[in-house]
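Trainee: I would like the atomic coordinates for the input below:
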Amino acid sequence: MPLKLHYFAGPGRAEVSRLLFTIGGIPFEDVTYTFATYGEFKPKTPFGQVPVLEFEDGRMLAQSGAIDRYVAKLAGLYPEDPKDAAFADMVVFHMNDFMDLFSPTWQMPAEEKVKARQDILAGKGGDKLKALEKIIEKAEAEGGGYVAGGKLSFGDVVVYTYLSGITSSAMDGIPKDLLNAYPALKAFRNKLANHPAIKAYYAAKTDDSRASYKPDP
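Mentor: Below you'll find the predicted structure:
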């Protein structure tokens, strides 16, 4: 029986694990919910939230960070060298900090949401993107062009997923050409988007929420 990944149909917090499964060629069942159908499953989860990874024996692993690292290890995308793993985690935590800046905006009225997100990008959010760009530029200069150990890891997949998601149709107020101001990040995102497994995955997706995950035109 394949592992079951439970989440809503959109990208969100399960998208990294979906891609790790896909890149690693690991069969899994992508169990998706609507807000209407999720209520029946919610009490079965460890913390009343998704994503959840269900094992063959019925046990459930919660928290996207734990799920991502588990699947990355299955897929051979979690660095074996402790130092490389730490640098991959460093970038992942940085991206989490970046996305957390936008968390308070989700409950805001439309106009207030747009302004708040623009203010974030003009302040701390922009600073975090600039810091990330320096890391990517350094990785490119040192050879390999990946955030840890000179080869693809789950850290790169997280960066790609969040850079793609920040300009998706779900993020009102974020310019769709945001990454034009960060050429190294734009090139990195596009490099990952053209990875054969990732490209094929999104080629089969027609929902508007995933349009920004595809390679640049």
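Trainee: now do the residue nearest the centre of the chain against residue 213, distance only.
Mentor: In the chain, the centroid-proximal residue (CA atoms, centre = their mean) is residue 161; its distance is 3.4 Å. Computed as CB to CB, to the nearest Å, the residue 161 to residue 213 distance reads 8 Å. From N, CA and C alone the C-beta is placed, and that goes for glycine too.
Trainee: in terms of secondary structure, what does the helix or strand containing residue 91 contact?
Mentor: Assigning secondary structure by DSSP states H and E places residue 91 in helix 82-100. Here helix 82-100 touches helix 64-74, helix 124-142, helix 154-165, going by 3 or more CB pairs under 8 Å, 6 or more residues apart in numbering; DSSP states H and E.
Trainee: can you point out the buried residues in that helix?
Mentor: 84, 85, 87, 88, 89, 91, 92, 94, 95, 98 (16 or more other CB atoms under 10 Å).
Trainee: thought the last one was touching residue 130?
Mentor: No - assessed by CB atoms under 8 Å, residue 98 is found out of contact with residue 130, at 11.0 Å.
Trainee: now do the contacts for the residue of the chain most remote from its centre.
Mentor: The C-alpha centroid of the chain is most remote from residue 57, which lies 27.3 Å away (CA atoms, centre = their mean). Applying CB atoms under 8 Å, 6 or more residues apart in numbering to residue 57 gives no contacts.
Trainee: using the three-state scheme, assign it.
Mentor: coil (DSSP: H, G, I helix; E, B strand; the rest coil).
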